[in-house]
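In: this one's sequence-less:
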């Protein structure tokens with residue numbers, strides 16, 4: 001600045017002193033030389049300003065070129081501070097939620113209520129391990145990396161697909177009034193029973209990096225309605241009589257926004273984590289007669305129920321999900337399954353009708369559990385109990401084979417419990433479809449016994465034990481199998497929620513390809 005002031009005053013002596021350009025004075029003359037020197041210095045100032053701007057705003061420009069939009073709130077300052085003179089990024093956090101326009105915030109509809117930013121971004125896009133005891137309850141520390149600047153573009157590109165799915169996916173979660181979800185949580189069973197996947201998926205999506213607060217940029221829309229939290233006061237089991245009306249009221253509410261109407265709900269996600277899924281009834285004959293509600297026929301149903309044959313309750317676009325087993329009980333309470341002594345040959349504890357109830361012609365478990373009780377309950381090799389026990393999980397950990405016969409519906413939470421606790425599932429349910437069979441090779445980690453052969457169960461298990469039990473157990477005890485069946489919070493790559501998102505990503509790719517072919 002001292003040199004600039006000297007030149008602007010026409011003092012060529014000072015200008016030579018400050019800038020060391022000795023040739024200027026004699027070559028251009030007093031006025032002309034000062035004028036030209038002024039131009040040269042202005043150019044130098046402009047050049048230095050551009051260099052400073054690039055240094056301070058380079059990360060934002062990299063983000064802009066890689067994603068097509070400016071960084072979300074909070075990342076711009078973070079990225080600029082991350083650059084050092086050695087050309088390294090020292091610390092990068094996963095992207096925070098996108099900014100929301102003022103006009104959107106001023107919407108009066110209750111479904112627009114939301115937090116702009118989460119209080120704490122409790123997620124790492126590179127996390128692939130289970131949360132363990134002593135890790136602050138599974139909370140994650142910020143993602144810390146040290147990469148050359150030449151790799152910055154690759155790092156920023158991951159933000160559009162932070163979970164490494166088949167392709168990037170964005171999900172908008174409707175903020176429905178509490179009567180559709182939060183009010184049901186007054187009953188603690190709603191968070192932990194076998195149908196609690198509807199609660200777990202909602203909670204995990206709220207803090208997931210695939211969530212978007214701008215509905216117009218969403219690929220899919222999640223409808224958080226808890227239909228399985230209404231427990232029968234007599235039996236203690238969930239009662240679904242209110243489910244259809246509750247869901248229909250939710251659909252009527254979101255229909256005030258354009259996103260349901262423009263697709264007829266075909267890009268909307270609904271959880272049906274109970275028996276017979278999208279039919280919303282626990283008894284098969286009544287579920288079939290009721291059918292899938294008309295307003296959900298185009299939606300994507302996340303349901304536990306599925307069969308390998310045609311069934312009216314799966315006449316929808318559905319993704320089969322596992323029933324809920326509390327992950328904290330698996331990951332923090334017990335050591336890995338291979339470390340346990342297994343001194344129970346074949347195990348079953350649960351509803352076991354000695355004389356199957358005949359309710360309007362319905363026979364529980366198609367008589368399978370009754371056969372098991374009558375034929376094997378007195379065998380020394382079989383540990384079969386009908387009453388509940390606080391030691392249920394430890395009994396599974398002590399068992400080699402875990403019997404998983406059908407109940408009212410073919411699927412059973414015992415299948416998931418057996419896998420995560422390392423007991424070989426013995427599945428007795430004809431035509432059953434198993435969750436995530438595209439990533440879990442069920443033939444290598446379980447046994448399937450036809451219902452007609454249940455009376456030969458002891459001989460079948462003995463044959464397997466002599467032939468290939470060790471191979472089955474080694475396959476069963478692989479961590480990725482347990483991970484795929486647990487709804488871990490916060491999400492980890494390959495867990496139950498991640499598998500849902502990956503299948504949605506594949507649906508998105510298929511829809512894009514179909515659109516390309518039509519064009």
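Out: Structure received. The model shown is predicted, which means the values in this text are computed figures rather than measured ones.
In: please make it C-alpha for all contacts and neighbour counts, starting now.
Out: Will do.
In: compute the number of surrounding residues for residue 190.
Out: Residue 190 has 23 neighbours, counted by other C-alpha atoms under 10 Å.
In: who's in contact with the closest residue to it other than its chain neighbours?
Out: Spatial nearest neighbour of residue 190, chain neighbours left out: residue 229 (5.1 Å); criterion: C-alpha to C-alpha, 6 or more residues apart in numbering. Going by C-alpha atoms under 8 Å, 6 or more residues apart in numbering, residue 229 touches 184, 185, 187, 189, 190, 238, 239.
In: let's see it at 10 Å
Out: By C-alpha atoms under 10 Å, 6 or more residues apart in numbering, the contact set of residue 229 is 181, 183-191, 193, 195-196, 198-199, 237-240, 243.
In: next: residue 339.
Out: 397, 422.
In: ok, it to residue 293 distance?
Out: Using C-alpha to C-alpha, to the nearest Å, residue 339 is found at 47 Å from residue 293.
In: one more: residue 426?
Out: Going from residue 426 to residue 293 by C-alpha to C-alpha gives 34 Å.
In: the two - which one has more neighbours?
Out: residue 426 (23 against 15).
In: assumed that one was part of a strand.
Out: Yes - judged by DSSP: H, G, I helix; E, B strand; the rest coil, residue 426 forms part of a strand.
In: that one and residue 447 touch, don't they?
Out: Yes - using C-alpha atoms under 10 Å as the test, residue 426 is close enough to residue 447 to be in contact (4.8 Å).
In: overlap of the contact sets of the two?
Out: Common contacts of residue 426 and residue 447 (C-alpha under 10 Å, 6+ apart): 401, 402, 403, 404, 461.
In: quick check, residue 269 in contact with residue 247.
Out: No - the pair residue 269 and residue 247 does not pass the contact test of C-alpha under 10 Å, sitting 11.9 Å apart.
In: mutual contacts of the two, please.
Out: With C-alpha under 10 Å, 6+ apart, residue 269 and residue 247 have common neighbours 223, 224, 296.
In: hang on, the earlier thing: most surrounded residue in the shared contacts of residue 426 and residue 447?
Out: Neighbour counts for the shared contacts of residue 426 and residue 447, by other C-alpha under 10 Å, peak at residue 402, which reaches 30 neighbours.
In: part of a strand, is residue 172?
Out: Yes - assignment of residue 172 by three-state DSSP places it within a strand.
In: just grab the bridge partners of it for me.
Out: Judged by DSSP bridges, the bridge partners of residue 172 are residue 221.
In: strands of the stretch 351-500 of the chain, residue ranges please.
Out: Counting by DSSP state E, counting those that start in this stretch, one finds strands in the stretch 351-500 of the chain at the ranges 358-359, 362-363, 382-385, 399-405, 424-428, 447-448.
In: including mean pLDDT, could these go into a markdown table?
Out: Output for the strands of the stretch 351-500 of the chain, formatted as a markdown table (pLDDT from 0 to 100):
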| stretch | mean pLDDT |
| --- | --- |
| strand 358-359 | 67 |
| strand 362-363 | 82 |
| strand 382-385 | 96 |
| strand 399-405 | 97 |
| strand 424-428 | 98 |
| strand 447-448 | 96 |
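In: figure out which of the ones you listed is closest to residue 317.
Out: Taking C-alpha to C-alpha, strand 424-428 is the member of those nearest to residue 317, at 25.7 Å.
In: for the closest one, packing partners?
Out: Strand 424-428 sits against strand 344-349, strand 399-405, helix 413-420, helix 442-445, strand 447-448, helix 457-467, helix 469-476, with contacts defined as 3 or more C-alpha pairs under 10 Å, 6 or more residues apart in numbering; DSSP states H and E.
In: domain ranges for this structure?
Out: 2-66, 102-324+500-511, 328-486 (automatic domain parsing).
In: and the ones you listed, which one's lowest on average pLDDT?
Out: For these, mean pLDDT drops lowest on domain 2-66, to a mean of 53.
In: burial measure for residue 451, as a count.
Out: When neighbours are counted by other C-alpha under 10 Å, residue 451 comes out with 16.
In: for it, which residues are in contact?
Out: Residues in contact with residue 451 (C-alpha under 10 Å, 6+ apart) are 366, 367, 368, 405, 406, 427, 428, 429, 430.
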